[in-house]
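Chemist: missing the sequence, but the structure's below:
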């Protein structure tokens, strides 16, 4: 039987009236920029009553300025969230078989299953990509899905993916999901593969504006690839796939980069603080190293679903139960890095449960 959905974080995964703080969604801890919100209020009446730009011209121009490099508008596809572009990528290039490391974001699997593709799962090796096994299983595969940094582990692996790209047959398409890359610690030198799309014409780099710019409810994402690849993905775009308010929000967000920079600075500080407390002050919880704005936490004496429900009922805190990630069990949760006060509330709540 084909799975019809996969779980995600977010307040609608539970009773939303119970949620006071959502640690299950890994978005900009400051939410949407006030500058963006003001622009939306100002243009709400106008944009609500006209059809949106089907070619996303203004947004693509801003994206080219933001990304830099030797790109053109023909290299960019814009989607109703990054998820829409995953499905369009699959429709364009997948026919028989795909390779997916696990655990990772479940929409790669769901999109592939919906067209009847066979899936080769490659377990992570010490929470890192097993490049040798991926190469081995890529034979007769149409595509490989790589999440960098990976969700839910938070690990950034540029060098490993670079080695894979250099060795893989160019007939195999590679989707590199960089939805969280803008929130990677700058000390890690978070290089993007966007500057490789003209050199390696089999890669597609996926980005989400919902995470970095706090636009989750508006749904906005884009992917960058060689124009020949981008055209094939574009063939599966439905007309008016991104509404006018979301397009405006993207344009203004890219003009208000101080909002993102402020979040990056706070995440660096708070990630270190949370790691210290989780690994040195709580006996039953330990956080794996993370390069981004969330932590994978292992529990020694508690069931992940039970813990999620307990935190929600007692404290109004929602965490991501990771038991439904392929390759994981009920001993893991994922939590976002948020503001200091919110992080304290989570850690204090875990301390009460700590046994």
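Modeler: The structure has been received and is ready for your questions. No experiment lies behind these values; they were computed from the predicted model shown.
Chemist: all contacts plus neighbour counts: C-alpha atoms, from now on.
Modeler: Fine.
Chemist: Now residue 296: which helix or strand?
Modeler: Assigned by DSSP states H and E, residue 296 belongs to strand 294-299.
Chemist: Show the average pLDDT along that strand.
Modeler: Strand 294-299 comes out with an average pLDDT of 96.
Chemist: and the helix or strand just after it, what does it pack onto?
Modeler: Later in the chain than strand 294-299, the nearest helix or strand by DSSP H and E is helix 304-315. Under the contact criterion of 3 or more Cα pairs under 8 Å, 6 or more residues apart in numbering; DSSP states H and E, helix 304-315 touches strand 317-318, strand 320-321.
Chemist: mind putting those in CSV, mean neighbour count and mean pLDDT included?
Modeler: Shown next, in CSV, are these (neighbours: other Cα atoms under 10 Å; pLDDT from 0 to 100):
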stretch, mean neighbour count, mean pLDDT
strand 317-318, 26, 98
strand 320-321, 26, 96
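Chemist: Quick one: closest of these to residue 338.
Modeler: Each of the helices and strands packed on helix 304-315 has some distance to residue 338 by Cα to Cα; the shortest is strand 317-318, at 12.2 Å.
Chemist: Output the contacting helices and strands for the closest one.
Modeler: Counting by 3+ Cα pairs under 8 Å, 6+ apart, strand 317-318 packs on strand 21-22, helix 304-315.
Chemist: Tell me which of the helices and strands packed on helix 304-315 sits nearest to residue 63.
Modeler: strand 320-321 (31.0 Å).
Chemist: all strands of the stretch 101-250 of the chain, in order?
Modeler: Assigned by DSSP state E, counting those that start in this stretch, the stretch 101-250 of the chain shows strands spanning 118-123, 143-147, 173-177, 203-208, 221-225.
Chemist: Save these as TSV, and put in distance to residue 97 and mean pLDDT too.
Modeler: Below are the strands of the stretch 101-250 of the chain laid out as TSV (distance: least, Cα to Cα, whole Å; pLDDT from 0 to 100):
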stretch	distance to residue 97	mean pLDDT
strand 118-123	5	97
strand 143-147	7	98
strand 173-177	11	98
strand 203-208	17	98
strand 221-225	21	98
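Chemist: Turn those into CSV, including mean neighbour count and distance to residue 60.
Modeler: Converted to CSV, the strands of the stretch 101-250 of the chain look like this (neighbours: other Cα atoms under 10 Å; distance: least, Cα to Cα, whole Å):
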stretch, mean neighbour count, distance to residue 60
strand 118-123, 18, 33
strand 143-147, 24, 23
strand 173-177, 24, 19
strand 203-208, 26, 13
strand 221-225, 26, 9
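Chemist: To residue 82, which of these lies closest?
Modeler: Of the strands of the stretch 101-250 of the chain, the one closest to residue 82 (Cα to Cα) turns out to be strand 221-225, at 4.3 Å.
Chemist: Can you name every helix or strand that the closest one contacts?
Modeler: Using 3+ Cα pairs under 8 Å, 6+ apart: strand 221-225 touches strand 76-79, helix 82-93, strand 203-208, helix 209-212.
Chemist: Was I right to think residue 311 contacts residue 305?
Modeler: No - counting by Cα atoms under 8 Å, residue 311 stays clear of residue 305, with 10.1 Å between them.
Chemist: quick one: low-confidence ranges for the stretch 201-350 of the chain?
Modeler: Filtered on pLDDT under 70, the stretch 201-350 of the chain yields no residues whatsoever.
Chemist: ignore the last one, the stretch 51-200 of the chain
Modeler: Scanning the stretch 51-200 of the chain for pLDDT under 70 picks out 187-189.
Chemist: thinking again about what came up before, can you lay out the helices and strands packed on helix 304-315 as CSV showing distance to residue 261?
Modeler: Formatted as CSV, the helices and strands packed on helix 304-315 follow (distance: least, Cα to Cα, whole Å):
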stretch, distance to residue 261
strand 317-318, 26
strand 320-321, 26
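Chemist: quick one on the thing from earlier: distance to residue 85 added to the strands of the stretch 101-250 of the chain, as CSV?
Modeler: Formatted as CSV, these follow (distance: least, Cα to Cα, whole Å):
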stretch, distance to residue 85
strand 118-123, 19
strand 143-147, 13
strand 173-177, 10
strand 203-208, 8
strand 221-225, 7
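Chemist: And the ones you listed: which comes nearest residue 42?
Modeler: strand 221-225 (23.0 Å).
Chemist: okay, the angle between that closest one and strand 203-208?
Modeler: Orientation check (axes from the mean of the first three to the mean of the last three Cα atoms, to 10 degrees): strand 221-225 against strand 203-208 gives 160 degrees.
Chemist: Check the offset of strand 221-225 from the chain's centre.
Modeler: Chain-centre distance of strand 221-225: 13 Å, with Cα atoms, centre = their mean, to the nearest Å.
Chemist: Residues in contact with that strand: which ones?
Modeler: With contact meaning Cα atoms under 8 Å, 6 or more residues apart in numbering, strand 221-225 is reached by 75-83, 85, 194, 197-198, 201, 203-210, 230.
Chemist: Relative to it, what are the paired strands and their orientations?
Modeler: strand 76-79 (antiparallel), strand 203-208 (antiparallel) (DSSP bridges).
Chemist: Quick one: work out the angle between that strand and strand 173-177.
Modeler: Taking the same axes, to 10 degrees, one finds that strand 221-225 is oriented at 140 degrees with respect to strand 173-177.
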